[in-house]
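Participant: model the structure of this input:
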Amino acid sequence: MSSHRYPSEDDIRMVGCAIAHDEQIVDAINSEINGIMAQLEQVRLRKVKYQENIRQCRSLITLARRMPPEVLADIFELCAESGWTLAPLVASHVCLAWRKAAESPRVWSRIYIDYGLGNPLAKTKLWLSKAQQSPLHITLDVPSNALSMEEVLSALSEQSTQWKSVTIRTHDTIQLNHILSQMRHSFPRLRRLDCVTHWDTPTGDLVDFSAVHNAPSLRQLDIKQPNLPRWSIPFQLTNLHLFLSPAIFPNPVLASRWASMLANLLGLKHLTLEVSVDSGYHYELDTMQVVELPQLESLAFTIFPELLGVFDNMRAPALRTLLLRCSPGDEHVSAGPPLRRFLESSTHIELLELHDVDLPREELVLCFTSLPRLEELRLHDSDISDEELRLLFGPAGLCPNLVRLDVRWCVYLTGSALVQLVRSRARVEGTGKSGPVPQQSKELEEVAAINCLQVKEQDVFDLAEYTTCRLMLRAAARDDFCRNRRCCFNERYRQRMRLRHNITFHERDPVLARIIL
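Facilitator: Prediction:
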């Protein structure tokens with residue numbers, strides 16, 4: 001047949017026969033395919049059956065099934081501790097093994113009561129019945145429109161001997177005082193009390209902490225409120241954490257109120273003061289009273305420069321750690337005089353951190369003179385220059401016990417000065433006639449230089465000849481204030497340095513091994 005002419009009748013019959021023949025063959029092929037597909041489906045179903053058997057068998061030997069109930073209970077307790085208050089209730093509905101693990105009383109030991117949701121009394125009774133004799137960690141969240149709280153407080157007070165820690169979040173100090181007034185039972189195991197109030201009167205209400213007389217083991221108090229707390233009774237606290245939140249009626253922080261608060265905390269060992277960025281407080285020196293805290297070991301202030309006057313009303317002769325972090329404020333306010341006067345009475349300090357503190361260079365020199373036992377110095381955005389650093393040079397330099405130096409954003413400090421400092425304190429063996437060089441100052445074990453403009457890469461290698469040189473944040477997350485602020489992440493710089501100098505298998509080179517990238 002040809003496509004170059006019109007088909008004849010014979011051509012049409014011939015084509016029709018060819019089509020019919022091929023259609024029969026196609027039908028036969030389709031039947032064959034259907035048969036093969038049916039066999040494939042049967043094979044697939046067999047595969048699914050065995051896969052399901054494998055899944056079921058594996059589920060019998062999973063880590064969750066093999067995990068001891070006490071470990072599961074630990075996990076459930078951590079979940080509740082992290083803030084998932086319904087963790088024990090949800091875990092008990094997963095499977096029989098989890099239900100048995102969730103029956104552990106300590107899983108139910110963290111009781112969170114929100115007076116604005118559900119039936120707080122029923123939840124309290126359920127959690128108490130499950131917790132049995134376990135130490136209780138109680139959180140009370142009381143909104144401004146909360147109804148009667150007496151029934152819940154009464155149920156909790158029946159187990160007062162089991163209270164280990166209590167957190168009270170209220171709208172104002174009136175509610176807080178009402179709750180504290182109900183705490184008239186004995187709390188022999190209570191170790192920590194957290195109080196949070198969101199609103200305060202213009203002068204700040206006096207919080208009635210007389211109930212803590214019934215808590216002889218109370219050692220830690222965390223307070224978050226707009227104004228400084230006021231109390232008229234002595235505390236046996238060792239840890240106090242104050243957070244001043246923004247106030248509707250902003251008031252100055254009075255020196256008299258600060259001093260009267262500290263006067264009842266003579267056994268304090270750790271004091272932390274934080275001020276909200278938008279609080280707008282300033283310090284008013286209305287008294288020259290100075291309170292001495294003879295047992296205070298660590299002091300951490302995150303405040304405005306306008307509040308640095310708090311140092312003039314306190315002394316801490318046994319202080320070991322001072323962390324001073326300033327938020328942006330009045331650039332004309334200097335931390336020098338009050339900080340220097342405070343340091344002159346705290347000569348046992350071993351760790352000093354000055355974060356964004358406007359300290360004149362001459363005051364910095366006087367601070368060095370007052371710190372003979374200083375072991376670690378951290379300076380962030382400091383005006384320290386080579387001239388001040390030279391006071392630390394050599395065996396007879398200031399701060400002879402200094403072994404760790406951390407400088408960040410110090411634009412006036414050069415890398416060559418850091419190298420000279422480390423080299424001057426390094427142990428140098430004498431030769432021949434001269435004999436060993438007398439050593440008084442300790443060697444620097446670590447120098448950190450982050451985002452310092454005049455510290456070059458060659459300076460880093462020179463430092464590593466003598467000591468460990470760290471170019472990144474400290475490994476301990478809680479210990480490094482810049483980790484949350486994200487102001488000292490320099491990954492790009494460190495990555496470029498690694499690539500430029502092929503710092504990969506640095507353990508083979510003792511110098512490169514001392515560079516922490």
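Participant: now the longest strand anywhere in the chain: average pLDDT?
Facilitator: The strand spanning the most residues in the chain, taking DSSP state E as the definition, is strand 163-172. Along strand 163-172, the predicted confidence averages to a pLDDT of 89.
Participant: now do the following helix or strand past that strand against strand 163-172, angle only.
Facilitator: Heading C-terminal from strand 163-172, the first helix or strand you meet, by DSSP states H and E, is helix 173-181. Interaxial angle of helix 173-181 relative to strand 163-172 (axes from the mean of the first three to the mean of the last three Cα atoms, to 10 degrees): 150 degrees.
Participant: which helices and strands does helix 173-181 pack with?
Facilitator: Of the remaining helices and strands, those touching helix 173-181 by 3 or more Cβ pairs under 8 Å, 6 or more residues apart in numbering; DSSP states H and E are strand 163-172, strand 192-199. Heads up, the C-betas are built off the backbone N, CA and C, glycines and all.
Participant: re the thing from before, so how far is the longest strand of the chain from its chain's centroid?
Facilitator: Average the C-alpha atoms of strand 163-172, do the same for its chain, and the two points are 21 Å apart (Cα atoms, centre = their mean, to the nearest Å).
Participant: and what of stretch 450-467?
Facilitator: Between the centre of stretch 450-467 and the centre of its host chain there is 29 Å, according to Cα atoms, centre = their mean.
Participant: could you do stretch 142-158 as well?
Facilitator: If you compare the mean C-alpha spot of stretch 142-158 with that of the full chain, they lie 32 Å apart, counting by Cα atoms, centre = their mean.
Participant: gap between the two ends of it?
Facilitator: Using Cα to Cα, to the nearest Å, one end of stretch 142-158 lies 20 Å from the other.
Participant: repeat that for stretch 102-118.
Facilitator: Looking at stretch 102-118, the gap from its leading to its trailing residue is 23 Å under the measure Cα to Cα.
Participant: now stretch 402-414
Facilitator: Its start and end residues considered, stretch 402-414 measures 19 Å (Cα to Cα).
Participant: could you list the buried residues of that stretch?
Facilitator: Judged by neighbour count (16 or more other Cβ atoms under 10 Å), stretch 402-414 contains these buried residues: 402-410, 412-414.
Participant: restricted to strands, list those residues.
Facilitator: With strands defined by DSSP E, the entries of these inside them are 404-408.
Participant: let's have these in a markdown table, adding pLDDT and distance to residue 169.
Facilitator: Below are these laid out as a markdown table (pLDDT from 0 to 100; distance: Cβ to Cβ, whole Å):
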| residue | pLDDT | distance to residue 169 |
| --- | --- | --- |
| 404 | 94 | 39 |
| 405 | 95 | 42 |
| 406 | 95 | 37 |
| 407 | 95 | 40 |
| 408 | 94 | 36 |
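Participant: just the C-alphas of stretch 354-362, formatted as PDB.
Facilitator: Below are the C-alpha coordinates for stretch 354-362, written out as PDB (Å, rounded to 0.1, in the frame of the first residue of the first chain):
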ATOM      1  CA  LEU A 354      32.700  44.800  82.900                       C
ATOM      2  CA  HIS A 355      30.200  44.700  80.000                       C
ATOM      3  CA  ASP A 356      29.600  48.000  78.200                       C
ATOM      4  CA  VAL A 357      30.800  49.900  81.300                       C
ATOM      5  CA  ASP A 358      32.000  53.400  80.700                       C
ATOM      6  CA  LEU A 359      35.100  53.300  82.900                       C
ATOM      7  CA  PRO A 360      37.700  56.000  82.400                       C
ATOM      8  CA  ARG A 361      41.200  54.700  81.900                       C
ATOM      9  CA  GLU A 362      42.600  56.300  85.100                       C
END
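Participant: neighbours of residue 187, how many?
Facilitator: By the measure other Cβ atoms under 10 Å, the count of residues near residue 187 is 24.
Participant: distance check, residue 213 against residue 236.
Facilitator: In this view, residue 213 and residue 236 are 10 Å apart by Cβ to Cβ, to the nearest Å.
Participant: residue 105 is in contact with residue 132, correct?
Facilitator: Yes. At 4.1 Å, residue 132 counts as touching residue 105 under the criterion of Cβ atoms under 8 Å.
Participant: the longest strand of the chain - contacts with which helices or strands?
Facilitator: Secondary-structure packing of strand 163-172 (3+ Cβ pairs under 8 Å, 6+ apart): strand 136-141, helix 173-181, strand 192-199.
Participant: so which bits of the second one are buried?
Facilitator: Pointing back at helix 173-181 there. Neighbour-count burial for helix 173-181 flags 173, 175-180 (criterion: 16+ other Cβ under 10 Å).
Participant: quick one: the strands in the stretch 1-150 of the chain, in order.
Facilitator: For the stretch 1-150 of the chain, the strands defined by DSSP state E, counting those that start in this stretch cover 110-114, 136-141.
Participant: let's have those strands in TSV, adding distance to residue 440, mean pLDDT and mean neighbour count.
Facilitator: Formatted as TSV, these follow (distance: least, Cβ to Cβ, whole Å; pLDDT from 0 to 100; neighbours: other Cβ atoms under 10 Å):
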stretch	distance to residue 440	mean pLDDT	mean neighbour count
strand 110-114	53	88	21
strand 136-141	51	91	21
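Participant: got these as JSON lines, with distance to residue 190 columns?
Facilitator: Below are those laid out as JSON lines (distance: least, Cβ to Cβ, whole Å):
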{"stretch": "strand 110-114", "distance to residue 190": "14"}
{"stretch": "strand 136-141", "distance to residue 190": "9"}
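Participant: can you report how many residues lie near residue 86?
Facilitator: Residue 86 has 11 neighbours, counted by other Cβ under 10 Å.
Participant: same check, this time on the one 10 residues further on
Facilitator: Here the count is done by other Cβ under 10 Å, and residue 96 has 8 residues near it.
Participant: alpha carbons of stretch 126-139, in PDB - could you do that?
Facilitator: These are the backbone C-alpha positions of stretch 126-139, laid out as PDB (Å, rounded to 0.1, in the frame of the first residue of the first chain):
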ATOM      1  CA  LEU A 126      -5.900  15.300  91.600                       C
ATOM      2  CA  TRP A 127      -2.300  16.300  91.500                       C
ATOM      3  CA  LEU A 128      -2.000  16.100  95.300                       C
ATOM      4  CA  SER A 129      -3.500  12.700  95.400                       C
ATOM      5  CA  LYS A 130      -1.000  11.500  92.700                       C
ATOM      6  CA  ALA A 131       2.000  13.200  94.300                       C
ATOM      7  CA  GLN A 132       1.500  11.500  97.600                       C
ATOM      8  CA  GLN A 133       4.500  12.300  99.800                       C
ATOM      9  CA  SER A 134       6.800  13.700  97.100                       C
ATOM     10  CA  PRO A 135       8.400  17.200  97.500                       C
ATOM     11  CA  LEU A 136       6.000  19.700  95.900                       C
ATOM     12  CA  HIS A 137       6.900  22.400  93.400                       C
ATOM     13  CA  ILE A 138       3.900  24.700  93.200                       C
ATOM     14  CA  THR A 139       3.100  27.500  90.700                       C
END
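Participant: flag every buried residue along that stretch.
Facilitator: 127-128, 130-131, 134-139.
Participant: just the strands in the stretch 351-500 of the chain please.
Facilitator: Listed in chain order, the strands found in the stretch 351-500 of the chain under DSSP E, counting those that start in this stretch are 351-355, 376-380, 404-408, 446-450, 468-470.
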